[in-house]
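The sequence and its predicted three-dimensional model are supplied below.
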Amino acid sequence: MRRLACLFFLTLFPLAGSANCSPGTPEPFARFLPEFLASGNFAFSRTAIPLRSVRWEYGSDTQGNEQEKKTVTQLGRQQINRDKALDDFMRENGLLHKVLKLARDSAEVQIYKPDTDWLLHYHFRLHRGCWQLHEIEDFSL
């Protein structure tokens with residue numbers, strides 16, 4: 001019974017994060033982002049499943065020519081941490097964020113650590129009036 005109640009809650013949970021937005025009244029990104037950063041549960045409810053994860057790797061071949069490799073994976077619910085707020089993770093690791101691009105229906109946020117190679121891009125899209133994370137790009141070396 002407990003398991004059934006948990007499954008029921010999880011199926012309803014994504015609706016909790018969309019109460020204040022609709023196609024007719026799109027959510028302002030400036031209101032969405034602070035809540036996305038502050039609440040792991042809210043962020044999870046606003047993450048597309050599967051979440052596209054892109055990892056860029058850089059190096060040199062045997063002749064010394066620069067190479068880059070792109071690895072794309074799809075992350076499921078079990079692979080996404082919803083227990084910790086992104087703000088907490090950023091604070092603990094000395095990370096900062098800035099909005100790189102903001103359009104009517106898409107946004108890109110850079111998460112980085114100054115003077116290091118730690119660099120992530122979070123890609124958001126407006127889906128039915130609500131902002132949703134749909135891709136993370138990792139450029140870290």
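Here it is on my side, so go on. Numbers count the residues shown, from 1 in each chain.

What residue in the protein is the furthest from its centre?
Relative to the average C-alpha location in the chain, and by Cα atoms, centre = their mean, no residue lies farther out than Gln63, which sits at 36.9 Å.

so that one sits in a strand?
No. With DSSP: H, G, I helix; E, B strand; the rest coil as the criterion, Gln63 is coil rather than part of a strand.

Any buried residues in stretch 120-129, and which?
120-124, 126 (16 or more other Cβ atoms under 10 Å). For glycine as for every other residue, the C-beta is placed from the backbone atoms N, C-alpha and C.

Next: stretch 95-105.
Result for stretch 95-105 [16+ other Cβ under 10 Å]: buried residues 95, 97.

Would you map the helices across this protein?
Per DSSP state H, the chain has helices spanning 2-16, 29-38, 40-45, 86-93. These are given in chain order.

weakest of those by average pLDDT?
Ranked by mean pLDDT, the helices of the chain end with helix 2-16 in last place, scoring a mean of 34.

tally of neighbours for Leu133?
The criterion is other Cβ atoms under 10 Å. On that basis, Leu133 has 21 neighbouring residues.

so how far is Arg46 from it?
Using Cβ to Cβ, to the nearest Å, we find Leu133 at a distance of 6 Å from Arg46.

Give the intersection of the neighbour lists for those two.
With contacts taken as Cβ atoms under 8 Å, 6 or more residues apart in numbering, the residues that reach both Leu133 and Arg46 are Phe36.

The longest strand seen in the chain - contacts with which helices or strands?
In terms of residue count, the longest strand belonging to the chain (DSSP state E) is strand 47-60. Using 3 or more Cβ pairs under 8 Å, 6 or more residues apart in numbering; DSSP states H and E as the contact test, the elements touching strand 47-60 are strand 66-75, strand 130-138.

Leu95: which of the ones you listed is closest?
Of all these, strand 130-138 sits nearest to Leu95, with 12.8 Å by Cβ to Cβ.

what pairs with that closest one, and is each one parallel or antiparallel?
Sheet pairing for strand 130-138, assigned by DSSP bridges, gives strand 47-60 (parallel), strand 119-127 (antiparallel).

Fine by me, thanks again.
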